[in-house]
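Novice: next come a sequence and a model predicted from it.
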Amino acid sequence: MYLRRKQKSEALKGKIKKNVLAWAIILPSILLFVFFVWYPILFNIGLSFFKDNTFSEFVWFENYKAIFEDIKFITALKNTFLYIFWSLIIGFLVPLFIGFLLSETVHARIFIKRNGVS
């Protein structure tokens, strides 16, 4: 039992030593990603619970309530979802359908040539 645990420990140390270079290479990218993406997101989520950017008055969800009561925001949100919907339809489903038609046309043409139809 002790020997098996020691072997596992040595194997883990070997894996860590083997992957140190990989972690050294990827660590700057991870730090930059956290600094430029996750920190601003989390900071602004926290900031959204205050009245202004001085963190002077904590207002809970009042800012969100005000936004969702604003007709301009609702219109912008609706337009955003419509844009996303039509972008997906035009940019994904239409090319997929055209690709399917072209694929079937090629298969049909081969079938017609092999079977002497026409």
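Specialist: In hand now; what should we look at? Residues are numbered from 1 along each chain as shown.

Novice: so what pLDDT did residue 1 get?
Specialist: The model reports residue 1 with a pLDDT of 55.

Novice: could you do residue 116 as well?
Specialist: 65.

Novice: residue 111 too?
Specialist: Residue 111 carries a pLDDT value of 65.

Novice: pull the longest helix from this protein.
Specialist: What stands out as the longest helix in the chain, according to DSSP state H, is helix 2-33.

Novice: domains of this structure?
Specialist: What automatic domain parsing lists as the domains of the chain is 1-68, 70-118.

Novice: and residue 60, what does it touch?
Specialist: residue 49 (Cβ atoms under 8 Å, 6 or more residues apart in numbering). To be clear about C-beta, it is placed using only N, CA and C from the backbone, and glycine gets the same treatment.

Novice: what about it, which SS state?
Specialist: Secondary structure assignment for residue 60 (DSSP: H, G, I helix; E, B strand; the rest coil): coil.

Novice: now do the phi/psi pair for it.
Specialist: Main-chain dihedrals, residue 60, degrees, to the nearest 10: phi 60, psi -120.

Novice: kindly report the same for residue 53.
Specialist: According to degrees, to the nearest 10, residue 53 has phi -80, psi 10.

Novice: next, count neighbours for it.
Specialist: Residue 53: 8 surrounding residues under other Cβ atoms under 10 Å.

Novice: leaving out chain neighbours, which residue sits closest to it?
Specialist: Excluding the flanking residues, the one nearest residue 53 by Cβ to Cβ, 6 or more residues apart in numbering is residue 47, at 6.2 Å.

Novice: ok, residue 56 next?
Specialist: In space, residue 56 is closest to residue 50, 7.0 Å off (Cβ to Cβ, 6+ apart).

Novice: tell me the contacts of the one you found?
Specialist: Residues near residue 50 by Cβ under 8 Å, 6+ apart: 56, 57, 58, 59.
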